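[1] Build me a model:
(one chain, ligands or ions: 1)
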Amino acid sequence: MSRVYNFSAGPAVLPEEVLREVAEEMLDYNGTGMSVMEMSHRSKAYQEIIDTAEADLRDLMNIPDNYKVLFLQGGASLQFSMIPMNLMKNGEADYIVTGQWAKKAYQEAQKYGKANKIATSEDKTFSYIPDCSDLPISENADYVYICENNTIYGTKYKELPNTKGKILVADVSSCFLSEPVDVEKYGVIYGGVQKNIGPAGVVIVIIREDLIRDDLPENVPTMLKYKTHADAGSLYNTPPAYGIYVCGKVFQWLKKQGGLEAMKEHNEKKAKILYDFLDESKLFKGTVEKKDRSLMNVPFVTGDPELDAKFVKESKEAGFENLKGHRTVGGMRASIYNAMPIEGVEALVAFMRKFEEENA
Ligand SMILES: *Cc1c(COP(=O)(O)O)cnc(C)c1O
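    Purely as a prediction, here's the structure:
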């Protein structure tokens, strides 16, 4: 068996320790004589798995008691609809469009009410985060929406927008658990887990209790109401049971690493290795404004599409997978999530140095 360095944006690298542990438990979970995959979601053993996962997540993120944690399906993309369906009371919301995912959320919200694009960085191919200190927040806005880390473009909010008292809703899919967060600053934090936490199929929604409404229009599907899932402890119907179990293992792994403060330190150190190289390189350069650089997704280019293609091909041959940039932006992108070891980034930089010398 040999493992590659996997720089995929998602589904993405998971901690090897966790993969080994779940492999070990595959045929017989904790003396039950069955795999978690085969287990009733109404069993005592499974209840313990989901309860422990939630407790560990609460612990890691310091989630206050007045927030619910929901384990849902439909990916981050279904939240683009569920958020306006559940939160638009006045029928209006403000969106800050900093990339493709925020744009999709903004477009989807228009189906349910008035969605206002109050700021965007589209003028420079989403290579920066706009100044959000004094935006024209709409008086009637039920919430202000952001995508906190832009997976495709490699930008991250270093400071949350001034929402002028409105509720903040954030898609954190690609920065989930990469650093400490102050949950109380948000009304809703959500993300698909396949970027930084676990296998595809689970989306985690952390929502302030008073935002879970009982008075939604009759035609809102039962499965798309937060209340349905909040009242049933995420077990209204069969949840993505195995995925939640793997997420739980990753939460425990994160606690063992020292929690989110330690992850932040680790991620900063790791990203710095790559960014420092990009800043000194004569061939490669980062595509994002320095102050807005993501710790998780690092896009870069040589400036020559043919050379980019050559780099992607040769890096793959050398054991570095998925470095090709998103189809909409080209170039390269290294996603260096929590589970990417520092050695992976060091090896990548060594390879880039060599490529630069050979192609000078
Ligand atoms: C990947 C991604 C999505 C889409 O996730 P799906 O689970 O495929 O729907 C949404 N937002 C962000 C920030 C992402 O990185």
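[2] Not counting sequence-adjacent ones, nearest residue to the residue in the chain positioned nearest to the ligand?
    Going by C-beta to the nearest ligand atom, the ligand is nearest to G75 of the chain, at 2.7 Å. Backbone N, C-alpha and C define where each C-beta goes, glycine included. Distances taken as C-beta to C-beta, 6 or more residues apart in numbering put G192 closest to G75, at 5.0 Å, once the chain neighbours are dropped.
[3] My read is that the one you found contacts A200, right?
    Yes - G192 lies in contact with A200 (C-beta atoms under 8 Å); the separation is 7.2 Å.
[4] Flag every residue of the stretch 51-200 of the chain that's near the ligand.
    The stretch 51-200 of the chain has residues G75, A76, S77, W101, C147, T151, D171, S173, S174, G192, K195 near the ligand, with proximity defined as C-beta under 6 Å from any ligand atom.
[5] More neighbours: which of G192 and A200?
    The neighbour count for G192 versus A200, taken as other C-beta atoms under 10 Å, is higher for G192 (27 against 15).
[6] contacting residues for that one?
    By C-beta atoms under 8 Å, 6 or more residues apart in numbering, the contact set of G192 is G10, G75, A76, S77, S173, A200, V202, V203.
[7] Please repeat the previous calculation with a cut-off of 7 Å.
    By C-beta atoms under 7 Å, 6 or more residues apart in numbering, the contact set of G192 is G75, A76, S173, V203.
[8] what does F7 give?
    Here F7 is in contact with F320, E321, N322, L323, A334, S335, I336 (criterion: C-beta under 7 Å, 6+ apart).
[9] Can you show me the strands along the stretch 101-250 of the chain?
    With strands called from DSSP state E, counting those that start in this stretch, the stretch 101-250 of the chain shows them at 114-120, 144-147, 149-150, 155-156, 168-171, 188-192, 203-208.
[10] need these in a markdown table with mean pLDDT, can you?
    Formatted as a markdown table, these follow (pLDDT from 0 to 100):
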| stretch | mean pLDDT |
| --- | --- |
| strand 114-120 | 98 |
| strand 144-147 | 98 |
| strand 149-150 | 98 |
| strand 155-156 | 98 |
| strand 168-171 | 98 |
| strand 188-192 | 98 |
| strand 203-208 | 98 |
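[11] Out of those, which is closest to F277?
    strand 155-156 (19.2 Å; C-beta to C-beta).
[12] So what touches the closest one?
    98, 126-129, 148-149, 175, 288, 292-295.
[13] what's the answer for stretch 175-189, then?
    Residues outside stretch 175-189 that contact it (C-beta under 7 Å, 6+ apart) are 60-64, 67, 83, 143, 148-149, 156, 160, 167-170, 172, 191, 195-197, 205-208, 211, 254, 260-261, 263-264, 267, 295-296, 338.
[14] try 6 Å
    For stretch 175-189, contacts defined as C-beta atoms under 6 Å, 6 or more residues apart in numbering pick out 61, 63, 148-149, 160, 167-170, 172, 191, 196-197, 206-208, 211, 260-261, 264, 267, 296.
[15] list the contacts for K316?
    K316 touches nothing, counting by C-beta under 6 Å, 6+ apart.
[16] gap between it and G191?
    The gap separating K316 from G191 is 28 Å, by C-beta to C-beta, to the nearest Å.
[17] Just want the most central residue of this structure.
    Centroid-nearest residue in the chain: S173, 1.7 Å away (criterion: C-alpha atoms, centre = their mean).
[18] My read is that that one contacts Y190, right?
    No - under the criterion of C-beta atoms under 6 Å, S173 is not in contact with Y190, lying 7.9 Å apart.
[19] Pull up the overlap in contacts between those two.
    Joint contacts of S173 and Y190 (C-beta under 6 Å, 6+ apart) do not exist.
[20] Could you pull out the helices in the stretch 51-200 of the chain for me?
    Using DSSP state H, counting those that start in this stretch, the helices of the stretch 51-200 of the chain run over 75-87, 100-109.
[21] Contacts only, for E54.
    The neighbourhood of E54, defined by C-beta under 6 Å, 6+ apart, consists of V69.
[22] where's it relative to G31, distance?
    Separation of E54 from G31 (C-beta to C-beta) stands at 23 Å.
[23] quick revisit: spatially nearest residue to the residue nearest to the centre of the chain, not counting backbone neighbours?
    Nearest non-adjacent residue to S173, counting by C-beta to C-beta, 6+ apart: G191, 3.8 Å away.
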